[in-house]
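Q: here you go, sequence then predicted model.
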Amino acid sequence: MKKAKSIVIAPTESLRIMGAEAYLTGVLDGQLVTKGDTIPLSIMGQRVDLVVTATNPAGAVIISENTQISLSEEPAAVKEGAPTVTYEDVGGLEQEVQKVREMIDLPLRHPELFKRLGVEAPKGVLLHGAPGTGKTLLAKAIANETSANFYSISGPEIMSKFYGESEKGVREVFRKARQAAPCIVFFDEVDAIAPVRGSGFGDSHVTERVISQLLTELDGLEVLRNVVVIAATNRPDIVDPALLRAGRFDRMLYIPPPDRKSRLQIIKIHAGKVPLADDVNTERIADRTDGYTGADIASFVQAAVILAMREHIAKYSSPKEAEEHAQELKVHLGHVEEAMKKIRPLPAQELDWYKRVAEQFGKPKLLSEASRGVL
C-alpha cells in the first residue's frame, strides 16, 4: 500500500487548534485513508469530524510520520442525505459492526483492494432480527461512517395501485444511486415489497413485477459499481428466496437482542447527557431490563426524562421560574421505574422464534481473514 506524501483534511465545522498538523500526524499515524473519508476524533472531550479532501498520491494511502498534513480553514460540506449516526451510537453490536465493515464499509471505501484481491464485493446485505434491535440504526451508521450518499426507502412507499408505477419507483431509486455513487440504498421492511411469490401476500401481479425489477437491478446487465443495497426485515422467512441467492442479497446478518453488557452500553449512550440522580444505578437497570431491545431502552429513558421535567415544572409557579432553576432538574430512580412500567419487553418465546429463524438461514459468509488487517 502506498504511503501518503501529503493529505488535506477539513473539519465539518469551524475549528481552531494550535499545532493541529503535528497533533494530527501523531494521532493518524498508520491509518489507511482515501479522499472523502470521514475521520472522527475526540478533542478535549468533544467529537470532531474531519474529512479527507485530497491525498498525494491519489487513491488509498497510509498516513506515516513523514506525511505532510494540512488542515483546511474552510469547513467541509456535509453530504446531503447522509445520517449523522456513528458506530459508537450503536450500542452492544461489536461483532455485528465488524461483520458490517467487512461486508459494506471496506468495499465502499477501498474498492481497489477488492480488485487487487480478485474478490467481488457484496452487492446486498439483509439485516434481520426482532423489532427494535438496531437494524435501521446500523444502516444509518454505515452510511455516515463510509461518507456515502444514503437513500432510505420504506417498503410500502414503493407500492402503487397504478400499473407500472411500482416498478418505475424501483428503477428510479437505482438510477439515482448509480449517479450518486458511492451510495447506499436502504430498503426498510423489504418483506412488504418482496414477499414469497404465490404466497397470497398483497397483489400477486404487482408483487411479481416489483420482485422481477428488483432482481434485474441487483443482478442485471447494468453493473452496480460502488452501490451497496441494504435491506431490513423482521420476517426473513417470507422474503422471496430468489432475492437471497448469491449475487443479490447474498449476505445475511442476524441482529440479536442485546445481552446484559450490550444493554448497559445502550443505557449509557441514551442516558449519557441526562442529569441522573445519585439513586440511579445503570448497572442495576441493566440487570432489570432482560428482554428489552435498544428501542425499548431509548423509549423508557426518554419517558423518564419527560416525567422528571413534568415534576420539575409543577414545583414552580411559572415556566420561566422553572427554567431559572433548571440546574436542579434530575432524573431519579422513581422516574425510571415508572417509565419502565409503560414499556413491555418482547416475550421470551418471541425472541426464541427470531433466533430459530436466524439459525435456519445460517451464518453470513464473511471475507477472508486477510482483509481484516486493513480495517
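A: Looks like it came in fine. Numbers count the residues shown, from 1 in each chain.

Q: quick one: the strands in this structure?
A: 6-11, 32-33, 38-43, 46-56, 61-62, 68-71, 124-128, 149-154, 183-188, 227-233, 251-254 (DSSP state E).

Q: would you reformat these as TSV and include mean pLDDT, distance to Glu350 and mean neighbour count?
A: C-beta coordinates here come from the backbone N, C-alpha and C atoms, glycine included. Output for the strands of the chain, formatted as TSV (pLDDT from 0 to 100; distance: least, Cβ to Cβ, whole Å; neighbours: other Cβ atoms under 10 Å):
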stretch	mean pLDDT	distance to Glu350	mean neighbour count
strand 6-11	85	45	19
strand 32-33	74	42	20
strand 38-43	68	36	14
strand 46-56	77	36	17
strand 61-62	80	47	20
strand 68-71	85	51	16
strand 124-128	88	14	25
strand 149-154	78	23	18
strand 183-188	85	20	24
strand 227-233	88	15	26
strand 251-254	86	15	23
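
Q: export those to JSON lines and tack on distance to Val206?
A: Formatted as JSON lines, the strands of the chain follow (distance: least, Cβ to Cβ, whole Å):
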{"stretch": "strand 6-11", "distance to Val206": "46"}
{"stretch": "strand 32-33", "distance to Val206": "45"}
{"stretch": "strand 38-43", "distance to Val206": "39"}
{"stretch": "strand 46-56", "distance to Val206": "42"}
{"stretch": "strand 61-62", "distance to Val206": "48"}
{"stretch": "strand 68-71", "distance to Val206": "53"}
{"stretch": "strand 124-128", "distance to Val206": "22"}
{"stretch": "strand 149-154", "distance to Val206": "16"}
{"stretch": "strand 183-188", "distance to Val206": "16"}
{"stretch": "strand 227-233", "distance to Val206": "18"}
{"stretch": "strand 251-254", "distance to Val206": "25"}
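
Q: and of those strands, who's closest to Arg109?
A: Checking these against Arg109 by Cβ to Cβ gives strand 32-33 as the closest, at 8.6 Å.

Q: just checking: what are the partner strands of the closest one?
A: Strand 32-33 has its sheet partners listed here by DSSP bridges as strand 61-62 (antiparallel).

Q: so what touches the strand it pairs with?
A: The contact list for strand 61-62, computed with Cβ atoms under 8 Å, 6 or more residues apart in numbering, reads Met1, Lys2, Lys3, Ala4, Ile7, Gly30, Gln31, Leu32, Val33, Thr34, Thr55.

Q: beta partners for the fifth one?
A: Right, the one you point to is Ile7. On the basis of DSSP bridges, Ile7 is bridged to Thr55, Ile69.

Q: that one reaches Leu71, doesn't it?
A: No - using Cβ atoms under 8 Å, Ile7 is not in contact with Leu71, being 10.0 Å away.

Q: now the helices: where do they sit in the stretch 251-375 of the chain?
A: Here the stretch 251-375 of the chain has its helices, by DSSP state H, counting those that start in this stretch, at 260-270, 282-288, 294-314, 319-324, 333-341, 348-361.

Q: in a markdown table, list those helices along with mean pLDDT and mean neighbour count.
A: Output for the helices of the stretch 251-375 of the chain, formatted as a markdown table (pLDDT from 0 to 100; neighbours: other Cβ atoms under 10 Å):
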| stretch | mean pLDDT | mean neighbour count |
| --- | --- | --- |
| helix 260-270 | 90 | 20 |
| helix 282-288 | 92 | 14 |
| helix 294-314 | 89 | 18 |
| helix 319-324 | 81 | 11 |
| helix 333-341 | 91 | 18 |
| helix 348-361 | 82 | 14 |
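
Q: out of those helices, flag the one nearest Ile153.
A: Nearest of these to Ile153, taken as Cβ to Cβ: helix 294-314 at 20.4 Å.

Q: for that closest one, packing partners?
A: Other helices and strands packing on helix 294-314, by 3 or more Cβ pairs under 8 Å, 6 or more residues apart in numbering; DSSP states H and E, are helix 260-270, helix 319-324, helix 333-341.

Q: so which of the ones you listed is nearest Tyr87?
A: Closest approach to Tyr87 among the helices and strands packed on helix 294-314 (Cβ to Cβ): helix 260-270, 11.6 Å.
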